[in-house]
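Peer 1: Show me the folded form of this:
(one chain, ligands or ions: 1)
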Amino acid sequence: MDVDRPVFSVEFFPPKDEAGETQLWQAIRRLEPLDPAFVSVTYGAGGSSRDRTVRTTARIASDTTLVPMAHLTAVSHSRAELRHVIGSYAAAGIRNVLAVRGDPPGDPLGEWVAHPDGLTYADELVTMVRSLGDFCVGVAAFPYGHPRSTDPDEDLARLVAKIRKGADFAITQLFLEPEGFLRLRDRLDAAGCHVPLLPGIMPLTTVRTLHRGPELSGAPLPPDLVARLERHADDPAAFRAAGMDATTDLCEKLLAEGVRGLHFYTLNRSPATIELVGRLGLAAAR
Ligand SMILES: Cc1cc2nc3c(=O)[nH]c(=O)nc-3n(C[C@H](O)[C@H](O)[C@H](O)COP(=O)(O)OP(=O)(O)OC[C@H]3O[C@@H](n4cnc5c(N)ncnc54)[C@H](O)[C@@H]3O)c2cc1C
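Peer 2: Okay, here's the model as predicted:
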């Protein structure tokens, strides 16, 4: 991100079927002219979805002008399998990898059982990806602590460990008010970690995005935001308009605090991200 203006990036998930594939590629083609800094593709829990991550990211590398980033998780993989996936990424020309641990399939908060010949924590995956090629490696960060963690200091220490093992940047879980993100950024800075921390932004387009995101991420739901949006709960268009205003406010506050890049969770749709990028003046900033 060697540019003098803030940039944006977007996240997709691998489509499940042909209709999903069409929707994803429509979103990719509409976002392409806005020149995001990179586009990432999440890594699923099962075999076929994992193959789709490799295929989708490889196609972005070969068929578009975009910079792809593939996610990779340690869950249910042996070390040999992980090395194989990393090799597939390299062969497809993918040089950016987001190394995350992943959650147990089914219940994200269920018991974590490492593969008998696998890895247990994301820091080990950072080390592996780094050892296998010239990759730019990102990791996950949690402004309100990882849902499994009971001790914020310990959680910060784990994030610092991932960065010390070679992570070049971190992307946060979604959140709805800037304070937790800014606190985490300050604490990383104080710990001597100066890599970019990109806020993960979920555009608030529906009642579901308001409630489901925080439920999964552990981020607090600010009562004033809920009051501001929920009066439109029965009017989807009015809710979307108010939600997009709230998301714009959050992004503006982050940019005013010197944030250099915003990472948008797109849910494989482009309109909300395109609108936000326009409102924030972030297009073609790479
Ligand atoms: C930006 C982003 C992208 C994501 N992409 C995906 C994806 O593509 N696919 C997917 O399945 N999931 C994805 N996730 C979800 C992620 O896999 C889960 O949140 C997972 O539970 C945590 O992953 P992590 O990499 O932070 O794990 P870790 O850094 O390993 O941390 C997991 C927990 O263990 C603790 N811990 C870490 N190291 C140690 C240690 N050495 N000893 C003891 N405790 C330790 C941490 O404090 C934390 O509580 C993503 C999350 C984010 C924020």
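Peer 1: Residues of the stretch 151-286 of the chain that sit close to the ligand?
Peer 2: Neighbours of the ligand within the stretch 151-286 of the chain, by CB under 6 Å from any ligand atom: D155, R158, K162, I171, Q173, G200. For the C-beta atoms, the positions are set from N, CA and C on the backbone; glycine is no exception.
Peer 1: could the residues you listed go into TSV alongside neighbour count, distance to A242 and secondary structure?
Peer 2: Below are these laid out as TSV (neighbours: other CB atoms under 10 Å; distance: CB to CB, whole Å; DSSP: H, G, I helix; E, B strand; the rest coil):
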residue	neighbour count	distance to A242	secondary structure
D155	18	33	helix
R158	18	37	helix
K162	27	37	helix
I171	23	26	strand
Q173	24	23	coil
G200	23	21	strand
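Peer 1: quick one: which two of the residues you listed are the most distant?
Peer 2: Using CB to CB, the two most remote members of those are R158 and G200, lying 17.9 Å apart.
Peer 1: Any buried residues in the longest helix along the chain, and which?
Peer 2: The single longest helix within the chain, with elements called by DSSP state H, is helix 236-256. The neighbour-count check on helix 236-256 (16 or more other CB atoms under 10 Å) flags F239, R240, A242, G243, M244, A246, T247, T248, L250, C251, L254, L255 as buried.
Peer 1: Model confidence at the closest residue to the second one other than its chain neighbours, what's the number?
Peer 2: If I follow you right, that is R240. Sequence neighbours aside, T205 is the residue nearest to R240 in space, at 5.0 Å (criterion: CB to CB, 6 or more residues apart in numbering). Listed pLDDT for T205 reads 97.
Peer 1: How about F142?
Peer 2: For F142, the predicted pLDDT is 96.
Peer 1: my read: it touches T172, true?
Peer 2: Yes. Here F142 lies in contact with T172, judged by CB atoms under 8 Å, at a distance of 6.8 Å.
Peer 1: Mind listing the shared neighbours of those two?
Peer 2: Common neighbours of F142 and T172 (criterion: CB atoms under 8 Å, 6 or more residues apart in numbering): L184.
Peer 1: tell me how far the ends of stretch 221-237 are from each other?
Peer 2: 21 Å (CA to CA, to the nearest Å).
Peer 1: repeat for stretch 128-141
Peer 2: Stretch 128-141 has an end-to-end distance of 19 Å (CA to CA).
Peer 1: Any part of it near the ligand?
Peer 2: Yes. For stretch 128-141, a contact with the ligand is found by CB under 6 Å from any ligand atom, at A140.
Peer 1: contacts for that stretch?
Peer 2: So stretch 128-141 is contacted by 69, 72, 79, 82-83, 86-87, 89-90, 95-100, 119, 122, 126, 159, 162-163, 165-173, 184, 197 (CB under 8 Å, 6+ apart).
Peer 1: what about stretch 48-56, average pLDDT?
Peer 2: 91.
Peer 1: Ok, stretch 117-134 next?
Peer 2: Mean predicted confidence for stretch 117-134 is 97.
Peer 1: In that stretch, which residues are buried?
Peer 2: G118, L119, A122, D123, E124, L125, V126, T127, M128, V129, R130.
Peer 1: Is it possible to get CSV of these that adds distance to G20 and secondary structure?
Peer 2: Below are the buried residues of stretch 117-134 laid out as CSV (distance: CB to CB, whole Å; DSSP: H, G, I helix; E, B strand; the rest coil):
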residue, distance to G20, secondary structure
G118, 29, coil
L119, 30, coil
A122, 27, helix
D123, 33, helix
E124, 32, helix
L125, 27, helix
V126, 30, helix
T127, 34, helix
M128, 30, helix
V129, 27, helix
R130, 33, helix
